[in-house]
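>>> Pasting the sequence and the predicted model now:
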Amino acid sequence: MNRGKVYSVSSVNQYIKNMFINEYALSVVFVKGEISNCKYHSSGHIYFTIKDEASQLACVMFRGDRGGLDFKMENGQEVIVGGSVSVYERDGKYQLYAKKIVLAGDGVLAERYEQLKKKLESAGYFDPDRKLPVPRYVKTVGIVTAQTGAAVQDMINIARRRNPYVQLILYPAKVQGDGAAETIAEGIRTLDEAQVDVIIAGRGGGSMEDLWAFNEEIVADAVFACRTPVISAVGHETDYTIIDFVADLRAPTPSAAAELAVYDVRQTLEELYDYKDRIARSILRQTETLYEKLAYLEDKLKKYHPEQQIREKRQQLMNLEDKLTTLVTQICKDRKYQFALLAGRLDSTSPLKKLASGYVYVADQDQNMVDSVHKVAQGDQISMTFADGVVAAEVTDIVPHEKGG
């Protein structure tokens, strides 16, 4: 075996690295693949592998290049990695040094979705103050969706079941693929000009790409400018599209949108019957109250009627007359009794009684009572009153009694 020049491992790795550096096609490269072995290192670097069905490629994104990464990398995600391919001399391995990483497929759409969402939000498209209330009782409902499919049939069935009297106007729109957004926007504008009561715009479920027409700005503009309340009904409950944020009301599914737009006539009739019963009960209560008040006023009127007043006053007068008669009679009896007592006392002290007992009443010529010998003198004319008459006399002699005798 003839040996040629012998190189060191470092020299070979350096040579290979220079080959990669000098290869322009590898200096700026975009590689699509599935993430595996993803690891966020404590240093801030991200180490991962992208792979496809036949091969895999080691990758690294340094901490200084992570500023443009707006999602958390996880195993299984399909991404597009932009960067350069070079050799890591220490291990003798080549790897992709990532500068930009975006999600592939739905990931690209998701990035566009977020950009448009931020733009419209800052422009006021999502403001609650501009949203229109959905009328409770509608007569016409406009529907913008595909003419065929489960979504439109579900909406028709539910609307007819809830209220067969509501008119449904379908604008058959393309809801997927090229030109879909334009037909959806045109349908919203057409139904708005037709002056329906409410518009439902939506479709059944699908992938983000399938639902993308409802994420286009032209559709958002049509909803924003619409003078008719718009209910969005796109996909399943977990699906959110741009139209959901701009619409006046979001329904989780097309079926739910039909329930929100069309009032249940049976429930309305039940409410009307309930109102009727409540009004009847209220009128009955008010009638009973008024009847009781009328009866009270009638009794009061009878009480204060002049004829009744006269009867009552007459009765009161008669009662007072009886009381007065009774009182006067009693007073007379009392006074008579008292008079009898006083008469008895007076009789017992009457001078006539004393005169009848032999006593004499003596008076001078001026008719003043003489109760002492010192009140008369010899020659005075006096009168002596007996029980049976008066004797005139002249004082001829006065004999006073001795004191103590």
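Arrived safely, thanks for sending.
>>> just the strands in the stretch 1-150 of the chain please.
Remark: strands assigned in the stretch 1-150 of the chain by DSSP state E, counting those that start in this stretch are 29-40, 46-51, 56-61, 78-88, 93-103, 140-145.
>>> May I see the buried residues of the fourth one?
The neighbour-count check on strand 78-88 (16 or more other Cβ atoms under 10 Å) flags 79-87 as buried. For every residue, glycine as well, the C-beta is placed using N, CA and C.
>>> for the fifth one, same thing?
Along strand 93-103, the positions that meet the burial threshold by neighbour count (16+ other Cβ under 10 Å) are 94-96, 98, 101-103.
>>> Now do that strand and strand 78-88, the angle between them.
Here the directions of strand 93-103 and strand 78-88 differ by 150 degrees (axes from the mean of the first three to the mean of the last three Cα atoms, to 10 degrees).
>>> do the same with the last one
Orientation of strand 140-145 against strand 78-88 (the same axes, to 10 degrees) gives an angle of 30 degrees.
>>> Convert strand 140-145 to PDB, retaining C-alpha atoms only.
This file holds the C-alpha atoms of strand 140-145, laid out as PDB (Å, rounded to 0.1, in the frame of the first residue of the first chain):
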ATOM      1  CA  THR A 140     -85.900  37.400   6.100                       C
ATOM      2  CA  VAL A 141     -82.600  35.700   6.600                       C
ATOM      3  CA  GLY A 142     -79.800  35.900   4.000                       C
ATOM      4  CA  ILE A 143     -77.400  33.000   3.800                       C
ATOM      5  CA  VAL A 144     -74.000  33.200   2.100                       C
ATOM      6  CA  THR A 145     -72.600  29.700   1.700                       C
END
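>>> neighbouring strands for that strand, and are they parallel or not?
Paired strands of strand 140-145, with direction, are strand 167-172 (parallel), strand 198-203 (parallel) (DSSP bridges).
>>> which of the ones you listed is buried the deepest?
Here the criterion is mean neighbour count by mean count of other Cβ atoms under 10 Å, and of those the winner is strand 198-203, at a mean of 29.
>>> Let me see the mean pLDDT of that strand.
Averaged over strand 198-203, pLDDT sits at 96.
>>> you'd agree residue 392 is in a strand?
Yes. Residue 392 sits within a strand when classified using DSSP: H, G, I helix; E, B strand; the rest coil.
>>> Check what pLDDT the nearest residue to it once chain neighbours are set aside gets.
For residue 392, ignoring the flanking residues on the chain, the nearest one in space by Cβ to Cβ, 6 or more residues apart in numbering is residue 383 at 5.5 Å. On pLDDT, residue 383 comes in at 87.
>>> cool, and the one 5 residues further on?
Model confidence at residue 388, given as pLDDT, is 82.
>>> Could you tell me the phi and psi values at it?
Residue 388 adopts backbone torsions of phi -120, psi 10, taken as degrees, to the nearest 10.
>>> And it, how far from residue 134?
From residue 388 across to residue 134, the span is 133 Å (Cβ to Cβ, to the nearest Å).
>>> now do residue 299
For residue 299 relative to residue 134 (Cβ to Cβ), the value is 56 Å.
>>> And these two? Which one has more around it.
residue 134 (17 against 10; other Cβ atoms under 10 Å).
>>> residues in contact with the more buried one?
Residue 134 is in contact with 198, 229, 231, 248-249, 260-261, counting by Cβ atoms under 8 Å, 6 or more residues apart in numbering.
>>> Same question for residue 65.
98-99.
>>> now swap in residue 14 and tell me
Residues in contact with residue 14 (Cβ under 8 Å, 6+ apart) are residue 89.
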